[in-house]
Structure formats: C-alpha cells, structure tokens
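[1] show me how the following folds:
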Amino acid sequence: MDESQDAKGDYKRPSLFWLVTEAGRAVTEMGLSLPYRRLTGYDHSSDGHPVVVLPGFMASSNSTAPLRKFINKLGYTSLDWGLGRNYAKEEYIEILADKIEKLYEKFNQQITLIGWSLGGVYARQIGKLAPDKVRQIITLGSPFQGISKPNNVAWIYNILNGGKKPAKVNPELLKNIPKPAPVPTTAIYSKQDGIVPWQLCMEDEDHKRQNIEVKGSHLGLGVNYTVLRIIASRLPYEKHEWVPLDIENNGSDELVLSPSM
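    Numbers count the residues shown, from 1 in each chain. As a prediction, the model looks like this:
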C-alpha cells in the first residue's frame, strides 16, 4: 500500500507541515518568479487566443491576477472567470459553459482553460460540455480524481463558515468529475501540496493527456516559476497539433521542457 494511503486505501490529508508552510512558500515562489515575469515580453508569434483562468475554492480574481498578467505579456488575451469568489457552486458549470460559447462566438477562436485547484475541476467539466469550443485545459493542483476525498480544504471551510458543511453535490456529477475531458489536458501537481493529495490531481495519461510534477506549494502554483514556463510552452499549441512535453530534470530542480516528437 502506498504510504500516502490509509488502511482503507483512501488518500491521506496532506501533512500538517506542508499546510502550515503554504503561505510562506507561496510568497517565496512569487518572489523567485518575479524576474521571469518581468522580463517576459510579447511573443509576436502568439495568435492572441483567449485564455480563461478559473480560481480555486474560496479564491477570487485577485488570486489569478499575476497569472493573467503574465499570459497577457505572452501575447494572449487572458480573461477572469467573471463569477467573483469561488464558493464551489454546482451551477457555475453551466454558467461557465455558456460563457465559453459566447467567447467562442466573439473571438472566433477556441479557448484555453486554466483552472487552479477547484477551478481545474470546473475547467474539465466545461471541456466535456463544450469540447469543440475548448482548445486545451491546464489544471493546477486540481483534485478531480477525488473531489470528496480527504484534504485540508474541507475543515478549513468549516472553520471559516462556523461549522457549516458545504452543500451536497449531485452524485451523478461526482461520478462524472474523474472522467477525462475529450480535449488536450496538462495536469500540473506538486508532491509538496499542503491542501490536496497530489495523487488525486493526475490524469490517466495518453497521447492527449499529460501529468507534470513541479516543486512548490498549492497556494503558489499560479506564480510558480516552473508552472509559468510550462504554461508558456503549452499556449502556442492548437488543438490538432498538441503534443506532450518531454520533461527532463538532469538531477536538478530545473526542468528542461521540450515538445515530444
């Protein structure tokens, strides 16, 4: 049995150490990526297609602002999800799917979806509802393989909400969430994630789905230097030409990224 699983085979809640160091590590990651974010300039080969960024649970557009600014600097059109703070409402899925339909009509281009944590769960569901409108999906620490499994989000939510539990979710939706979206998907995860079990953030890989491990916190994924490099390397690919990245680490923390051929 995997040491990260309990006797029942369920994945354990991330360690208290990774949880209590989340904020500090995220701030450090933001600082380390600052030179890269500042020096990154407009890529004239960019097609400028729209990229919608979806925030995590209880997060708002403020959390995704640095990532959206970075995407704009690359030459793409980054957009907030437009629903304010993410309160984990089931109805967001239909609202967002309708938004993607309208964006497709406006830009006449397929849309890339980048979802952070719970935002990635929504992104994958949108990809299932409107696969012809979605170019690709990138998830950042999104626990789509076990949205109801142990994690450090549930009890934090209960504290913030005076012990009230989240509303019950449609059981059919819960069954559908682990199923992959029929569009190219990159699932980024960290084994140092202090919020969700990293094993639940991984796709069943094939020629159109890839998992990529990075080092860092859950709260810092949107400003993590390696994550930004991965996003920058993925966005140029249209749906029909998407290929997985060839990942090397050469024994160091620096990933060497290149398309698989």
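
[2] ok, which stretches of the stretch 101-250 of the chain are helices?
    118-129, 153-160, 171-176, 225-234 (DSSP state H, counting those that start in this stretch).

[3] packing partners for the third one?
    Using 3 or more CB pairs under 8 Å, 6 or more residues apart in numbering; DSSP states H and E as the contact criterion, the neighbours of helix 171-176 among helices and strands are helix 118-129. Any C-beta I mention is one placed from the backbone N, CA and C, and that applies to glycine too.

[4] got the contact list for the helix it packs on?
    53-57, 59, 81, 86, 88, 92-94, 96-97, 100, 113-115, 134, 137-144, 147, 173, 176-177, 179-183, 185, 187, 201 (CB atoms under 8 Å, 6 or more residues apart in numbering).

[5] need the next SSE after the strand or helix carrying Arg38, C-terminal direction.
    Using DSSP states H and E, Arg38 sits within helix 22-39. With elements assigned by DSSP H and E, the helix or strand that comes after helix 22-39 is strand 50-54.

[6] quick one, that following strand and helix 118-129 angle?
    Relative orientation of strand 50-54 versus helix 118-129 (axes from the mean of the first three to the mean of the last three CA atoms, to 10 degrees): 130 degrees.

[7] just checking: what are the partner strands of strand 50-54?
    Strand 50-54 has the following strand partners under DSSP bridges: strand 77-80 (parallel), strand 111-116 (parallel).

[8] how about the helices of the stretch 101-250 of the chain, which one is nearest Lys106?
    helix 118-129 (16.3 Å; CB to CB).

[9] chain center to the closest one, what's the gap?
    10 Å (CA atoms, centre = their mean, to the nearest Å).

[10] could you give the average pLDDT over it?
    Average pLDDT, helix 118-129: 95.

[11] how about stretch 33-49?
    78.

[12] still on that earlier bit, on contacts alone, who are the packing partners of the helix holding Arg38?
    helix 61-74, helix 225-234.

[13] what residues does that helix touch?
    Identification of contacts with helix 22-39 by CB under 8 Å, 6+ apart yields 66, 69-70, 73, 192, 194-195, 216-220, 223-225, 228-229.

[14] just put the strands paired with strand 50-54 in TSV and tack on distance to Glu241 and mean neighbour count.
    Listed next are those as TSV, based on distance: least, CB to CB, whole Å; neighbours: other CB atoms under 10 Å:
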stretch	distance to Glu241	mean neighbour count
strand 77-80	20	18
strand 111-116	14	28
